[in-house]
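>>> Compute the structure for the input listed below.
(chains A, B, C and D, ligands or ions: 2)
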Amino acid sequence: MTDQLKALYQSVILHHNKEPVGYEKRPEAGMIIEAYNPICGDRFNLYLNIVEGQLEDIHFHGFGCAISKASTSILIKHLKGKSIEEVKQLVAAYFKTVNGEAEDAPEDFAAFAAAKAFPGRMKCATLSWDELNEYLKSVS
Amino acid sequence: MTDQLKALYQSVILHHNKEPVGYEKRPEAGMIIEAYNPICGDRFNLYLNIVEGQLEDIHFHGFGCAISKASTSILIKHLKGKSIEEVKQLVAAYFKTVNGEAEDAPEDFAAFAAAKAFPGRMKCATLSWDELNEYLKSVS
Amino acid sequence: MLEPDNIRKDFPVFREHPDLIYFDNAATTQKPQVVIDAITEFYTHFNANIHRGVYDIAAKATERYEAVRGKVANFIGAPSAKNIVYTSGTTASINLVAQSFLGAQLKAGDEVIISQMEHHANLIPWQMICKAKGATLKVMPIDREGAIDLGTLRVSLSKRTKLIALTHVSNTFGRINPIREVIKIAHQKNIPVLVDGAQSVAHFDIDVSDLDADFFVFSGHKLFGPTGIGILYAKEEHLNAMQPIVFGGDMIKNVSFEKSSFLSAPQCFEAGTTNIAGVIGLGAAIDYLSQYDKKEIKAYLKELREYALSRLQEIKGFSLVGSEEHSSAIISFVIDGVHPHDIATILGAHQIAIRAGNHCTQPLMDFLELPGTSRMSFSIYNLKSEVDRAIEIMQEIHDLMFGA
Amino acid sequence: MLEPDNIRKDFPVFREHPDLIYFDNAATTQKPQVVIDAITEFYTHFNANIHRGVYDIAAKATERYEAVRGKVANFIGAPSAKNIVYTSGTTASINLVAQSFLGAQLKAGDEVIISQMEHHANLIPWQMICKAKGATLKVMPIDREGAIDLGTLRVSLSKRTKLIALTHVSNTFGRINPIREVIKIAHQKNIPVLVDGAQSVAHFDIDVSDLDADFFVFSGHKLFGPTGIGILYAKEEHLNAMQPIVFGGDMIKNVSFEKSSFLSAPQCFEAGTTNIAGVIGLGAAIDYLSQYDKKEIKAYLKELREYALSRLQEIKGFSLVGSEEHSSAIISFVIDGVHPHDIATILGAHQIAIRAGNHCTQPLMDFLELPGTSRMSFSIYNLKSEVDRAIEIMQEIHDLMFGA
Ligand SMILES: Cc1ncc(COP(=O)(O)O)c(C=O)c1O
Ligand SMILES: Cc1ncc(COP(=O)(O)O)c(C=O)c1O
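Ligands and ions are numbered 1, 2, ... in the order given. The predicted model follows:
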C-alpha cells in the first residue's frame, strides 16, 4: 500500500467508518438535509434539531464510502450541541483543514486533508459539510 | 500559370464561357429544369421542349463560373435535336469522359476531364448534366 | 490469435506510463499512435474547412472527411455512406432520433419501450420526448442476471408502440442483449428499433443490414477514436422522414429571410463546422481495428473475463453483479462491506484504473438495490498479468479497511 | 510590434507547405504546434473520461478540462467559469440559445431581430424557432457598405422584441458592427442581445462584462483551436432560465424511469462524453493567443488589409464589396467578368487559398445582387509578400480568361 493511501485510510477514518457517531434515522427531526453526490450515488440524510440558536441534536443515515461516511460522523461528533455561530466556525475550519491550510482545528479534521492527494475523492470528504454549509447560508 | 490550370481553362471552355450556345431565357418551354449548386450559388435554368421523343429545342440561362457555364453550353450544343435515346447515350458518354475513362465521345467533352485535377470544381463540370440526368431517370 | 502484448505497443500511453493498468475501457478507450498521428497529420498538412473550398488542402480535407463515411458504412455493414450521420457522440445520436424521428410522430397515448438496464443516454431523451408528447415510456424488466424476457416483450407491443430502444451490451455489467430477436419481434409489428452500440462496436462484428436494425449509434472515443465524434446509422427511409433539428451553414439548399430549405441526409444533420479532425481520427481508428479479426477479439476478451472472474472469486466478500454468461468484456462487482469508491481509490493509488459508481444507470442500480458497483472493463490491450496485479491489491483491501 | 515572420514558425503547416498562402482564415485558422501538442499530450498521457473516475489520469483529465473553462472566462472577461458552456461550435451555441432560452418564452406575435448580414448559423435557428412559435423574424437592414442604422433599430424595438442576435464582425465582408451601442439601446428596453463572435474573438479584445453582452458565442477552430469545440457565454440569470435540450450522462442529478432532474449550468448543457481533447486544445490555443497584444494584432491586420486593398485596386475590373472603413481582416471583392470560383481556382492552383461563394450569407448576397464574391481573410501569420504574390497571379487572370 502506498503512503498516500495509508494517509487517506488512517485509523481515524476507518474507525468512524466502522463505528459512525449518531448513525440513526430521525425522520421526526426539525430539519432534514440531503447530502447527495450524483456522480457516485452516495447519499446521506442529516437530521437536525435547532433550538434557540443551538444545534441541540444531530444524526445521520444513508450510504457512502469510507471517506464520506467518516467525514459525516466527524461532523456529528463535533457539531452536536454547538451554537450556530460555533457551527459556522467549525465548518469553516473544516474546509480550511481539508484544503491543507494550517488552522487551529480539531485534530481529527486533519485526517481528511489526505483526500487532497485524490482529487476524485475530495467531494467525499466535504459532501455533508457542503450541504450543511449551503443550509447555514440559506438561513442567515 | 500551371499546366493543370491551362488544361482546365483551355480554349474550348473559355470560348463557350464567352459565347455560350443557346443562352437565352425561354420561360414558355415545355419543361424547365433548375441546376443549382448551393455551395457556390451557381444556378442555371435549362429550357426543354421534348416532342415525340425528340429533344426538339433546348436553351439555358443563369449564372455560373466558366466551367459550369461552358459545360452547359456544350450540353446544349450536343443534345439539341437528338432523340431521348441519343441524349441518354451522350449524357453517359459525358460522365465517362469527365471521369477520365476513355470513351468514343465528342472531342469537346474531353476538355472537362481536366476538372478532375480540381476536386472542388468537378461539380461545376457536371452541374447541368447531373440535373438533366436526374430528370431523364425520373421520366423513364 | 490476438497478441495483446504486441497490441499494447501501438498505444503510446502504455509506453509513457508502463505501470498503468487501464481497466476502464467501457468509459473510454486509449488511443493507438495511428489515431493520434492522423489528427496531427490533418492539422499539420491539410487543415481546412470542408465542402466549400476549391484550393488543394480544402479538397483533400473534404475528400478524407467524406471517405470516412464510407469506411464507417463498411465497418458496420450499412448499405451506403448516405446512411451515416456524423454526430458528436452516442448521446447526440440518440437525442437526434428522439427529437427528430420520434418527435415528429409521437402522439398522446403512444409508447416507447426501453429496457431496465439502459444508460441515461438511452433513457432520458425518450423520457423527455414522451413527457412532451403525452406518450408513455415503458420499461422492459430484467432479472437479476440482466436477462430481458422476449415473451414479455412480445405481448407488450401494440399499435401504440412507436419505437424500441435497447442497448446491445450493458455498460454496467456487460450483459449482451438478444438484439437480433428483439428486432425480429418488433418488425413483425412494424416497430423500429434503435440499438445503442456504444459498448458493442469495438468488440463485435456488426452488420446493421443483416441485423435489420433501424438505427445504430455509437461513439468514436470508445472505439479507439477521438472524443467529440459519434455516429448515427439509420435506414434511408427513416433519414428521409427526419427533419434537421440544428440549423446553420453547410446543411442548406436555399435561404432567404422568409424561409429556408435543406440538403438531403446525411448532410442536413451536420450543420456548421463539424469535428473534422474527429472524423479523420475515427477513420484511422476503424482502419486500426480492422486489422484484427473480430472473432479473435471476442474470444480473447471472453477468456480474459473468465480468467478475471475466476480470480476475483478469491477475494473475500466478492460477488458478481450480473451474469457469468452472455456477457462481454465488463465485470461489475461488489465486495461486502467495502464501498465501490474505496475499492477504486485503493486500486487507483496503484495505477489500476477501474470505475466505481452507478455507471450512468441509476434506475438499474435502484432495481439491484445497490448504491453502485465497481466495474472492470477490458480491451484488446489488457493482459492476464494485469488482472493478477489487481487481484493482489484487492487481497490487501480487507486488511487496509478492517485491520489485518 | 507583432512579428508575423516569427509567428509563422509556430504553425507547422507552413513548414510542411512553404508555398502555401493561406488567406481563408475566416473559414478556419491554421493550428500552432502547441495546440497539436496539447491534443497529442492528452491522448498520450492522460486520456480518460472525465468527472467520474477516481484514478490519476481521470482526475488530471477532469482538472485540465475544467481549468479551460476558467481560461475561457478570463479570455473574454466573463465573471466566472460557470458562465462558460462547452458546445460543439458557434452553430451549436446559437441553436442552444434559440431552442432553450428563446423557445421557452417566445409567443405568437413576438419578434426576434437579426441583421441582413448574418451567417446562416445566426439566421436559420431564429427563423425556425420563430416559425414554430408564430413569432416574427425582423431584419435590420444595412446599406451597401454594410452599415446598420441605429436610429432604425431604436424605433423598431418594442415590448414584443424578445432578442437581438447580431454578428460582431461580418464573415462575408469584415464589417464591424457597433455592438456596444446596440446592446445599450436594447438594454434600455430590457431586450437581451446575442453577439456572434465567431469572426471577432481571434482578433479583438473581448470583454463580455464590459460590453454587457447577454450571450457571446464562438468556435475554437477559428481561434487556432481544434474543430468540434465551441463556446456559449451567457449571463448567469439567462443560464438559470434555460432548460437542457440534450439529455444523457454527466448532466443529471437524479434519474428514475418516471422522471429526471438535472445539474445546474453549465454542466446540464453538456450531456454525454464531450469533446475533451477539443477542450484541452482550445485551452492551448487561448494560451497561445494570449501571448500577443490584441491591440497589436488589430493594428497589424488593419495594415495588412489596407495594403491588400491598395494593391487589389491595380487589378482590372476589381471592386470591393463592403466598406474600406469599419472592417476587420476580411476583404470581399468581385472582378468584372470573372466568376469568383474561377478566381479561387486559379489562385488555388498556385497554392493561394481564398474562398469564393456566398459565404453562408445567401440573403446578404441576394441583397447585394451578387451570386457570390471572392474573399480573402487574414490572420496573424499572413505577410505582405503573400499579398504581393496573390496580386501577381490575379494580374494574369484576365489574360488567361480572355486571352492576352
Ligand atoms: C459570423 C459567423 N457565425 C457563425 C459561423 C459558424 O461557425 P461554425 O461553423 O464554427 O459553427 C461562422 C463561421 O463559419 C461565422 O463566420
Ligand atoms: C451503453 C452506452 N450508451 C451510451 C453511452 C453514452 O456515450 P457518450 O458519452 O459517448 O455519448 C455510453 C457511454 O458512456 C454507453 O456505455
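>>> Low-confidence bits of the chain, can you list those?
Picked chain A for this. Residue ranges of chain A with pLDDT under 70: A:1, A:102-103.
>>> switch to chain C, that's the one I care about
For chain C (pLDDT under 70), the answer is C:404.
>>> for the helix or strand where residue A:59 lies, which positions count as buried?
Here residue A:59 sits within strand A:54-63, counting by DSSP states H and E. Buried residues in strand A:54-63, counted by 16 or more other Cβ atoms under 10 Å in any protein chain shown: A:55, A:57-62. Quick note: C-beta positions are derived from backbone N, CA and C, even for glycine.
>>> How is chain C partitioned into domains?
C:4-23+C:293-402, C:35-290 (automatic domain parsing).
>>> between the ones you listed, which one is nearest to residue B:10?
Residue B:10 lies closest to domain C:35-290 among the domains of chain C, at 18.0 Å (Cβ to Cβ).
>>> is any part of that closest one close to chain A?
No. Applying Cβ under 8 Å from any Cβ of the partner chain, one finds domain C:35-290 separated from chain A by no less than 10.4 Å.
>>> how far does that domain stretch from start to finish?
End-to-end distance for domain C:35-290: 13 Å, by Cα to Cα, to the nearest Å.
>>> cool, and stretch C:193-213?
6 Å.
>>> what's the burial count for residue C:109?
Neighbour count of residue C:109, defined by other Cβ atoms under 10 Å in any protein chain shown: 10.
>>> rewinding a little: and which of the buried residues of strand A:54-63 is nearest chain D?
residue A:62 (14.5 Å; Cβ to the nearest Cβ).
>>> Next up, the contacts around the closest one.
If you count contacts by Cβ atoms under 8 Å, 6 or more residues apart in numbering or on different chains, residue A:62 has them with A:35, A:42-45.
>>> Report the two of the residues you listed separated the most.
Spatial extent of those (Cβ to Cβ) is set by the pair A:42 and A:45 at 11.8 Å.
>>> Compare those two (neighbour count), which wins?
Each of residue A:42 and residue A:45 has its neighbours counted (other Cβ under 10 Å); residue A:42 has more, 27 against 20.
>>> tell me the contacts of the residue in the stretch 1-150 of chain C that chain A sits nearest to?
Nearest residue of the stretch 1-150 of chain C to chain A, counting by Cβ to the nearest Cβ: residue C:120, 10.4 Å away. Residue C:120 makes contact with C:360-362, D:247-249, D:252, D:255, D:260 under the criterion Cβ under 8 Å, 6+ apart.
>>> and with 6 Å instead?
Applying Cβ atoms under 6 Å, 6 or more residues apart in numbering or on different chains to residue C:120 gives the contacts C:360, D:248-249, D:252, D:255.
>>> swap in residue C:52?
Residues in contact with residue C:52 (Cβ under 6 Å, 6+ apart) are B:39, D:357.
>>> And the residue nearest the centre of chain C, how far from chain B?
The centroid of chain C falls nearest to residue C:198 when counting by Cα atoms, centre = their mean (1.0 Å). Distance of residue C:198 to chain B, given as Cβ to the nearest Cβ, to the nearest Å: 34 Å.
>>> Check the spacing between that residue and residue D:20 real quick.
39 Å (Cβ to Cβ, to the nearest Å).
>>> again, but for residue C:376
Taken as Cβ to Cβ, the span from residue C:376 to residue D:20 is 48 Å.
>>> Neighbour count: those two, which is higher?
Applying other Cβ under 10 Å to residue C:376 and residue D:20 shows that residue C:376 carries more neighbours, namely 29 against 17.
>>> if you skip the residues just before and after it, what's nearest to that one?
In this structure, residue C:376 finds its nearest non-sequential neighbour in residue C:23, 4.3 Å apart by Cβ to Cβ, 6 or more residues apart in numbering or on different chains.
>>> Was I right to think the one you found contacts residue C:351?
No. Counting by Cβ atoms under 6 Å, residue C:23 does not reach residue C:351; the two are 10.8 Å apart.
>>> who's more crowded, those two?
residue C:23 (26 against 18).
>>> just to revisit the earlier point, mind giving me JSON lines with the buried residues of strand A:54-63 and columns for distance to residue D:6?
Shown next, in JSON lines, are the buried residues of strand A:54-63 (distance: Cβ to Cβ, whole Å):
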{"residue": "A:55", "distance to residue D:6": "64"}
{"residue": "A:57", "distance to residue D:6": "69"}
{"residue": "A:58", "distance to residue D:6": "64"}
{"residue": "A:59", "distance to residue D:6": "66"}
{"residue": "A:60", "distance to residue D:6": "61"}
{"residue": "A:61", "distance to residue D:6": "64"}
{"residue": "A:62", "distance to residue D:6": "60"}
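>>> Can stretch C:215-224 be said to contact ligand 2?
Yes. Stretch C:215-224 is in contact with ligand 2 by Cβ under 6 Å from any ligand atom, via residue C:219.
>>> start to end distance for that stretch?
Using Cα to Cα, one end of stretch C:215-224 lies 22 Å from the other.
>>> Which residues does it contact?
C:28-29, C:31-32, C:89-90, C:93-94, C:97, C:194-198, C:201-202, C:208, C:226-227, C:229-234, C:282, C:285, D:273.
>>> Just give me how far that stretch sits from the chain centre.
5 Å (Cα atoms, centre = their mean, to the nearest Å).
>>> Residue A:35 is in what secondary structure piece?
Residue A:35 belongs to strand A:31-36, assigned by DSSP H and E.
>>> So which bits of the stretch 201-350 of chain C are right by ligand 1?
The stretch 201-350 of chain C has residues C:248-249, C:272-273 near ligand 1, with proximity defined as Cβ under 6 Å from any ligand atom.
>>> same thing but 8 Å
Applying Cβ under 8 Å from any ligand atom, one finds that the stretch 201-350 of chain C approaches ligand 1 through C:248-250, C:271-273.
>>> Could you dump these into TSV with secondary structure added?
Output for these, formatted as TSV (DSSP: H, G, I helix; E, B strand; the rest coil):
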residue	secondary structure
C:248	coil
C:249	coil
C:250	coil
C:271	coil
C:272	coil
C:273	coil
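>>> ok, now which ones touch residue C:55?
Counting by Cβ under 6 Å, 6+ apart, residue C:55 has contacts D:348, D:353.
>>> Excluding sequence neighbours, find me the nearest residue to the most centrally placed residue in chain A.
For chain A, the residue nearest the mean C-alpha position is residue A:72 (3.2 Å; Cα atoms, centre = their mean). Spatially, and ignoring its direct neighbours in sequence, residue A:72 is nearest to residue A:128 (4.1 Å; Cβ to Cβ, 6+ apart).
>>> List the buried residues for the helix or strand where the one you found lies?
Using DSSP H and E, residue A:128 falls within helix A:122-139. For helix A:122-139, the neighbour count (16+ other Cβ under 10 Å) marks A:122-129, A:131-133 as buried.
>>> My guess is residue C:26 contacts residue C:377. True?
Yes. With contacts defined as Cβ under 6 Å, residue C:26 counts as touching residue C:377 at a distance of 3.6 Å.
>>> which residues are in contact with both of these two?
Common contact partners of residue C:26 and residue C:377 (Cβ under 6 Å, 6+ apart): residue C:330.
>>> name the helices or strands packed onto the helix or strand encompassing residue C:71?
Using DSSP H and E, residue C:71 sits within helix C:56-76. Other helices and strands packing on helix C:56-76, by 3 or more Cβ pairs under 6 Å, 6 or more residues apart in numbering or on different chains; DSSP states H and E, are strand C:84-87, helix C:276-290.
>>> quick one: that helix to helix C:276-290, angle?
40 degrees (axes from the mean of the first three to the mean of the last three Cα atoms, to 10 degrees).
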